[in-house]
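> Sequence below, structure please.
(chains A, B, C and D)
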Protein chains: 2
Amino acid sequence: MKRGVCMLKYQQIAVEIESYIQKHQMQHGEKLPVLESLIKEFETSKSTIVKALDLLEKKGIIFQVRGSGIFVRRKKRNNYINLLSNQGFQKDLDQFNITSEQLQLEVQKPTEMAAQNLHIDMDQDIYYVKRIRYIEGSTLCLEESFFNKAIVPYLNKEIVTSSIFQYIEDALSLKIGFSDMYMHIGKLTDQEASYLQLKSGEPKLTVESIFYLTNGTPFDYSKVTYNYNQAQFYILGTGI
Amino acid sequence: MKRGVCMLKYQQIAVEIESYIQKHQMQHGEKLPVLESLIKEFETSKSTIVKALDLLEKKGIIFQVRGSGIFVRRKKRNNYINLLSNQGFQKDLDQFNITSEQLQLEVQKPTEMAAQNLHIDMDQDIYYVKRIRYIEGSTLCLEESFFNKAIVPYLNKEIVTSSIFQYIEDALSLKIGFSDMYMHIGKLTDQEASYLQLKSGEPKLTVESIFYLTNGTPFDYSKVTYNYNQAQFYILGTGI
DNA sequence: TTGAAAAATTGTAACGGTACAATTATAATG
DNA sequence: CATTATAATTGTACCGTTACAATTTTTCAA
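Sure thing, here's the model as predicted:
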């Protein structure tokens, strides 16, 4: 495999190990070559391999057992949305047809909640985006996003339709760092129900997320209401 | 502070930095001393400090910005249950009075679902634990757990009432490694509703978890149904 | 005063090495 | 044959160093 341009060595090694696991369809608990072999195989230092393995462990691809070896970790169920992958649904639900309908896209003043979470004043501008996502034609979720306009100065329908996050990283060359997510369960309001083609009072899951740049600045506050029929999530638990 | 007995150096340093942040009530975005200072302060090598900082970053206590510094990360809201801390509610909801009522505790054969998730046959024994947890007197969740009896050979009311996980780590000296969690939203059945003192058909969040030892063996499959009025979760998003 | 260039600061990548602890395999013992 | 001790395997902790890339601060010209 050709070495990616901007890829760091340890990231590249992680990718190669991961695709090796995929290619050979390794099962949960199968053992990978020992550290020493990997060092020779990739012609690198121990610490670089260790870093690559730590990355894979964090992603839930492997687990390491001291004195024993490096083993493949495989989650059992598919078609679940990974709550920790910032990159939306595309990856987890790639076998399904995900579409989205834009309901609103405009510059306006933030709600109090949005201002608070974005650390801005009420008179600063934000981009408000409202859309519905569909999975195989059924409603998946209703999504409201507030982008700090000082950071994301321009959005249009095309950007919103594809991937806003991709645009922010590539075109604006900003780096997305981390996020906080808060979840609640509740009952659908009339309006939410009509958007999601469900009945008022039926269950809903609301996920509020605040996304930060690598330098710690919040740039996106969003609130997603899921259709309870479609929403299945998984979360990877690492150490304690 | 005295150095813990079994604590590794980098873990100990992480703890000390964390309590420094707590003690000085540092706010989100406040800068910590630069790497070089920390190295001198703790009289250790750069790699050990880096490892301590990585741990803190993973826990969401700090974030690091290359070329700039190390900054405090603070989540805004309290009273949310951290979905990633295996150690249950005690830590997140310590200001509240959490109690639990044991409904059932017996050795029996697993359900098909439990057998599958624990990687055991249907004729092997498991410990079945069913309990309700209360927060300030209100129902918080209904919890069914299946422990592989080959790994957890004995449980009694006392252990179940305090912390099963603590018992597994301390008394059985097993090490808990990682977990998989799956979430669904749905409507309460009659039985669930009666346990949770809610109405049938009202919203519920179900979290299925499989807990593994460090060596990758699943030992606990549990299914928790939350009272939608009480269930608030947060999740810490790290990198992409 | 503005803005661009240069310098200083500061965290990250990558190398390589020693010692050690947890696990597993093997040999010795009863 | 089961059990216990011993050895081999294998990942983790920790140290120390060089080079580098992202930020911030300072300098200096326009």
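> quick one: the strands in chain A?
Applying DSSP state E to chain A gives strands spanning A:62-65, A:69-72, A:81-82, A:98-108, A:126-135, A:138-148, A:176-187, A:203-213, A:218-227, A:232-237.
> Could you dump those strands into a markdown table and include mean pLDDT, mean neighbour count and distance to DNA strand C?
For every residue, glycine as well, the C-beta is placed using N, CA and C. Output for the strands of chain A, formatted as a markdown table (pLDDT from 0 to 100; neighbours: other CB atoms under 10 Å in any protein chain shown; distance: least, CB to the nearest atom of the strand, whole Å):
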| stretch | mean pLDDT | mean neighbour count | distance to DNA strand C |
| --- | --- | --- | --- |
| strand A:62-65 | 97 | 20 | 6 |
| strand A:69-72 | 97 | 18 | 8 |
| strand A:81-82 | 88 | 20 | 22 |
| strand A:98-108 | 92 | 13 | 25 |
| strand A:126-135 | 95 | 20 | 26 |
| strand A:138-148 | 96 | 21 | 22 |
| strand A:176-187 | 94 | 20 | 10 |
| strand A:203-213 | 95 | 21 | 14 |
| strand A:218-227 | 96 | 23 | 19 |
| strand A:232-237 | 90 | 20 | 19 |
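> okay if I get these as CSV plus distance to residue B:28?
Formatted as CSV, the strands of chain A follow (distance: least, CB to CB, whole Å):
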stretch, distance to residue B:28
strand A:62-65, 33
strand A:69-72, 37
strand A:81-82, 26
strand A:98-108, 26
strand A:126-135, 20
strand A:138-148, 16
strand A:176-187, 10
strand A:203-213, 10
strand A:218-227, 10
strand A:232-237, 24
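> residues in contact with the longest helix seen in chain A?
As assigned by DSSP state H, the longest helix anywhere in chain A is helix A:9-23. Applying CB atoms under 8 Å, 6 or more residues apart in numbering or on different chains, the external contacts of helix A:9-23 come out as A:1, A:3-4, A:7, A:32, A:38, A:42, A:44, A:48-49, A:51-53, A:55-56, A:59, A:61-62, A:72.
> Point out the ones among the residues you listed that are inside helices.
The helices in this structure, assigned by DSSP H, contain A:38, A:48-49, A:51-53, A:55-56 from the contacts of helix A:9-23.
> Go back to the contacts of helix A:9-23 and keep what's next to DNA strand D.
Residues of the contacts of helix A:9-23 in contact with DNA strand D (CB under 7 Å from any atom of the strand): residue A:53.
> Just the buried ones from the contacts of helix A:9-23, in PyMOL syntax?
Those of the contacts of helix A:9-23 that count as buried under 16 or more other CB atoms under 10 Å in any protein chain shown are selected in PyMOL with:
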select buried, chain A and resi 32+38+42+44+48+49+51+52+53+55+56+59+61+62+72
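> Which positions in the longest helix of chain A come out as buried?
Using 16+ other CB under 10 Å as the test for burial, helix A:9-23 gives A:10, A:12-15, A:17-18, A:21.
> May I have that helix as PDB, with CA atoms only?
Extracted in PDB, the C-alpha atoms of helix A:9-23 (Å, rounded to 0.1, in the frame of the first residue of the first chain):
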ATOM      1  CA  LYS A   9       4.000   7.000  10.400                       C
ATOM      2  CA  TYR A  10       2.200   5.500  13.400                       C
ATOM      3  CA  GLN A  11      -1.200   6.400  11.800                       C
ATOM      4  CA  GLN A  12      -0.200   4.700   8.600                       C
ATOM      5  CA  ILE A  13       0.900   1.600  10.400                       C
ATOM      6  CA  ALA A  14      -2.400   1.500  12.300                       C
ATOM      7  CA  VAL A  15      -4.300   1.700   9.000                       C
ATOM      8  CA  GLU A  16      -2.200  -1.100   7.600                       C
ATOM      9  CA  ILE A  17      -2.800  -3.300  10.600                       C
ATOM     10  CA  GLU A  18      -6.500  -2.600  10.500                       C
ATOM     11  CA  SER A  19      -6.800  -3.500   6.800                       C
ATOM     12  CA  TYR A  20      -4.800  -6.600   7.400                       C
ATOM     13  CA  ILE A  21      -7.400  -7.600  10.000                       C
ATOM     14  CA  GLN A  22     -10.200  -6.800   7.600                       C
ATOM     15  CA  LYS A  23      -8.600  -8.600   4.700                       C
END
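> That one and DNA strand D, are they touching?
No. Contact of helix A:9-23 with DNA strand D (CB under 7 Å from any atom of the strand) is absent, the minimum separation being 12.1 Å.
> could you give the mean pLDDT of that helix?
Across helix A:9-23, the average pLDDT comes to 96.
> That one near DNA strand C anywhere?
Yes. On the criterion CB under 7 Å from any atom of the strand, helix A:9-23 is in touch with DNA strand C at A:9-11.
> Skipping adjacent residues, who's closest to residue A:219 in space?
Distance criterion CB to CB, 6 or more residues apart in numbering or on different chains; nearest residue to residue A:219, sequence neighbours excluded, is residue A:151 at 4.4 Å.
> wait, which of the residues of helix A:9-23 next to DNA strand C is closest to residue B:78?
Comparing these against residue B:78 with CB to CB places residue A:11 closest, at 35.4 Å.
> Next one: that closest one from residue A:203, what distance?
Remark: distance between residue A:11 and residue A:203 (CB to CB, to the nearest Å) = 40 Å.
> Could you do residue A:110 as well?
28 Å.
> about what we covered before: which of the ones in helices among the contacts of helix A:9-23 come close to DNA strand C?
Of the residues in those, proximity to DNA strand C by CB under 7 Å from any atom of the strand holds for A:48, A:51.
> ok, the ones in helices among the contacts of helix A:9-23 vs DNA strand C, which is closest?
residue A:48 (3.2 Å; CB to the nearest atom of the strand).
> measure the closest one to residue A:222 for me?
Taking CB to CB as the measure, residue A:48 falls 36 Å from residue A:222.
> before we move on, what about residue A:83?
Shown here: residue A:83 relative to residue A:222, a distance of 14 Å by CB to CB.
> same thing with residue A:111?
Residue A:111 sits 12 Å away from residue A:222, going by CB to CB.
> residues bridging contact with these two, i.e. touching both?
Residues touching both residue A:111 and residue A:222 (CB under 8 Å, 6+ apart) are residue A:146.
> Now that residue A:81 has come up, it's in contact with residue A:230, right?
No. Counting by CB atoms under 8 Å, residue A:230 is not a contact partner of residue A:81; they are 9.1 Å apart.
> show me what contacts the residue of chain A found nearest DNA strand C?
Here chain A gets closest to DNA strand C at one residue, residue A:67, 2.1 Å apart by CB to the nearest atom of the strand. Residues near residue A:67 by CB under 8 Å, 6+ apart: none.
> can you pull the pLDDT of it?
94.
> any idea how far it lies from DNA strand D?
4 Å (CB to the nearest atom of the strand, to the nearest Å).
> follow-up on the earlier one: can you put the ones in helices among the contacts of helix A:9-23 in a markdown table and add distance to residue B:237?
Converted to a markdown table, those look like this (distance: CB to CB, whole Å):
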| residue | distance to residue B:237 |
| --- | --- |
| A:38 | 29 |
| A:48 | 26 |
| A:49 | 27 |
| A:51 | 21 |
| A:52 | 22 |
| A:53 | 22 |
| A:55 | 16 |
| A:56 | 19 |
